[in-house]
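Participant: After the sequence you'll find the predicted model.
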Amino acid sequence: MTFSFFTLASPFSVFVFIVNILFSFTIIFLERKTPQSTYAWLLFLWIIPVLGFVFYLFFSQNLTKRKIYRYNTPENEQYQLLLRRQKKALVDRQQIAKNKTIAKKYHYNIEYHLNVSHALYTDNNSIDIFTDGHEKFDALFEAIENARSTIHIEYYIIKYDTLGQKFMELLTKKAREGIEVRLLFDEMGGRYIPRSALKELESAGGQYGIFFPSRLRFINLRLNYRDHRKIVVIDGKTGFVGGFNVGDEYLGLKKKMGYWRDTHLKIEGYAAYELQMRFFLDWRTSGNKAKLNINSENIHRYFPYMENCEGSGIQIVSSGPDDPNQVIKQGFIRMITNAEKYILIQSPYFVTDESIMEALKIALLSGIDVRIMIPNKPDHIFIYWATLSYVGELIKYGARVYIYDNGFLHAKVLVVDDQIAAVGSCNFDIRSFSLNFETNAFIYDPEIAVKLRDIFYRDIEKSIYYDTMAYEKRSRAIKVKESISRLFAPLL
């Protein structure tokens, strides 16, 4: 009698085996993931077959071939007109920057974002930087209170604690005053908001939407693709973008995380137009029945006239899994490869891919001063161990690594050469680059870059220097945790 695997195995085992074969074929030949991600998924599928199957079903959809965002005809006409004007100006390489030295120097960066992500360059913006939650939310609530026309808000996480309740009550109040209030949140991050609070907002005349809402309760096959953006636009003129979500922990009121150190921007100027357009496109994914229609009659309500005064140069750049070009990551690489003196990076998670690692290694070997700051208090333990592995590799090349020891560091900041900077929601990790929907402001202004540089150096005073000796002294247990976490880094 001849025995085989199929003779000895149970029908369920045979089914799992066949399904894993089919999924493996799909991952390798159809989805064309990165080699890192492909190996990680195959390992997960075959080491833990049933759990791997479930995780793949919920967390491995490919959105790059789907048309998620669409402009309507008037929007597209207006936007294409602006794009044509800027692309024409780039032929001269000088008009676009209005003869600003900084924008001339980095015109290739500007051109990249304009061509790939259609990010318009504006240079009449004023910028306020917030690193403390109390200051940020004081400014945000003041702007909401003073709104006269529209309030458009998009957050990844909204807790319904003391701050969250105050936030929802203020939005409801403004809706009762006749202000157009639209609130968009990620389904996972917004699960804390009770339906009663949302219904009260609706009763007052406000609207809310859920990014990628579940079609069936408790079942969402797009669960892995999170709206990680933090965008607020008031009256079409004032925008907020950065790392803060809404909740008491972001005020440093949660004992577990301690003081919350983040970076957020308040922008007044034409860059608010770009944040407004980003919000509109995201709003249309929410399934809200009260769709937003921009036309020639109401366009000035959402994009009001502003004085074209001198200010900071900004491009608002968004990325997500629907786009095969990881434009924020590639923008980071462009900044890193342009560096002549120094590179400063702050990120709560540093689980990056080979392209960023190679760019940083080349910079280090070229004599560039590379400094990276990560938190001491992890909120995701596996990501923390993987982070230590990646920064440890760069330490060997000469990077200076600092572990922030005054609470939790959640800032997402890149500064280069006292010249340019990037601030937003995008972490230096594979999830932010390829799975999350993110938005960052790329800033061409030495004054803002120097301010962010000085903030970094002040944070060093509250950090532990993590040098080669400290890294080599880590225990064997930590080395094992790093190795395992790094193995599954593309899935974290």
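Facilitator: Yep, that arrived.
Participant: so where's the protein uncertain?
Facilitator: Per-residue confidence for the chain (pLDDT under 70) gives these ranges: 1-10, 12-100, 214-224, 287-290, 378-382, 475, 478-492.
Participant: Could you identify the helix or strand that succeeds the longest strand along it?
Facilitator: In the chain, ranked by residue count with DSSP state E as the criterion, the top strand is strand 121-132. Using DSSP states H and E, the next helix or strand after strand 121-132 towards the C-terminus is helix 133-145.
Participant: which residues touch that next one?
Facilitator: For helix 133-145, contacts defined as Cβ atoms under 8 Å, 6 or more residues apart in numbering pick out 128, 130, 151, 163, 166-167, 170-171, 174, 232, 234, 238, 240, 242, 244, 250-252, 260, 262, 264, 266. Every residue, glycine included, has its C-beta placed from N, CA and C.
Participant: Given the longest strand of the chain, what are its sheet partners and their directions?
Facilitator: Here strand 121-132 has these sheet partners by DSSP bridges: strand 260-268 (antiparallel), strand 312-319 (antiparallel).
Participant: now these in CSV, with mean neighbour count?
Facilitator: Output for the strands paired with strand 121-132, formatted as CSV (neighbours: other Cβ atoms under 10 Å):
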stretch, mean neighbour count
strand 260-268, 24
strand 312-319, 26
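Participant: looking at these, which is closest to residue 300?
Facilitator: strand 260-268 (17.5 Å; Cβ to Cβ).
Participant: going on from the closest one, what's the next piece of helix or strand?
Facilitator: Criterion used, DSSP H and E; the element after strand 260-268 is helix 271-283.
Participant: Strand 121-132 and that next one, what's the angle between them?
Facilitator: Angle, helix 271-283 to strand 121-132, by axes from the mean of the first three to the mean of the last three Cα atoms, to 10 degrees: 80 degrees.
Participant: Tell me which stretches of the stretch 251-400 of the chain form strands.
Facilitator: Residue ranges of the strands in the stretch 251-400 of the chain, as given by DSSP state E, counting those that start in this stretch, are 260-268, 312-319, 342-346, 350-351, 369-375, 400-404.
Participant: now for those, which one comes closest to residue 418?
Facilitator: Closest of these to residue 418 is strand 342-346, at 8.2 Å (criterion: Cβ to Cβ).
Participant: and the closest one, what does it pack onto?
Facilitator: Judged by 3 or more Cβ pairs under 8 Å, 6 or more residues apart in numbering; DSSP states H and E, the packing partners of strand 342-346 are strand 369-375, strand 413-416, helix 446-460.
Participant: starting at the chain centroid, how far to that strand?
Facilitator: 18 Å (Cα atoms, centre = their mean, to the nearest Å).
Participant: quick check: angle from that strand to strand 400-404?
Facilitator: Strand 342-346 runs at 30 degrees relative to strand 400-404, counting by the same axes, to 10 degrees.
Participant: Show residues contacting strand 342-346.
Facilitator: Counting by Cβ under 8 Å, 6+ apart, residues outside strand 342-346 touching it are 263, 335-336, 360, 363, 368-373, 409, 411-417, 428, 452-453, 456, 459.
Participant: Give me the sheet partners of that strand and which way each runs.
Facilitator: Sheet pairing of strand 342-346 (DSSP bridges) gives strand 369-375 (parallel), strand 413-416 (antiparallel).
Participant: burial measure for the closest residue in space to residue 392 that isn't next to it in sequence, as a count.
Facilitator: Residue nearest to residue 392 in three dimensions, not counting chain neighbours: residue 471, with 4.7 Å by Cβ to Cβ, 6 or more residues apart in numbering. Burial of residue 471 is recorded as 17 neighbouring residues (other Cβ atoms under 10 Å).
Participant: So residue 471 belongs to a helix, correct?
Facilitator: Yes. Assignment of residue 471 by DSSP: H, G, I helix; E, B strand; the rest coil places it within a helix.
Participant: and the gap between it and residue 371?
Facilitator: 15 Å (Cβ to Cβ, to the nearest Å).
Participant: again with residue 345
Facilitator: 7 Å.
Participant: Those two: which is more packed in?
Facilitator: Per other Cβ under 10 Å, whichever of residue 345 and residue 371 has more neighbours is residue 345, with 28 against 17.
Participant: Identify the bridge partners of the more buried one.
Facilitator: In this entry, residue 345 is beta-bridged to residue 372, residue 414, by DSSP bridges.
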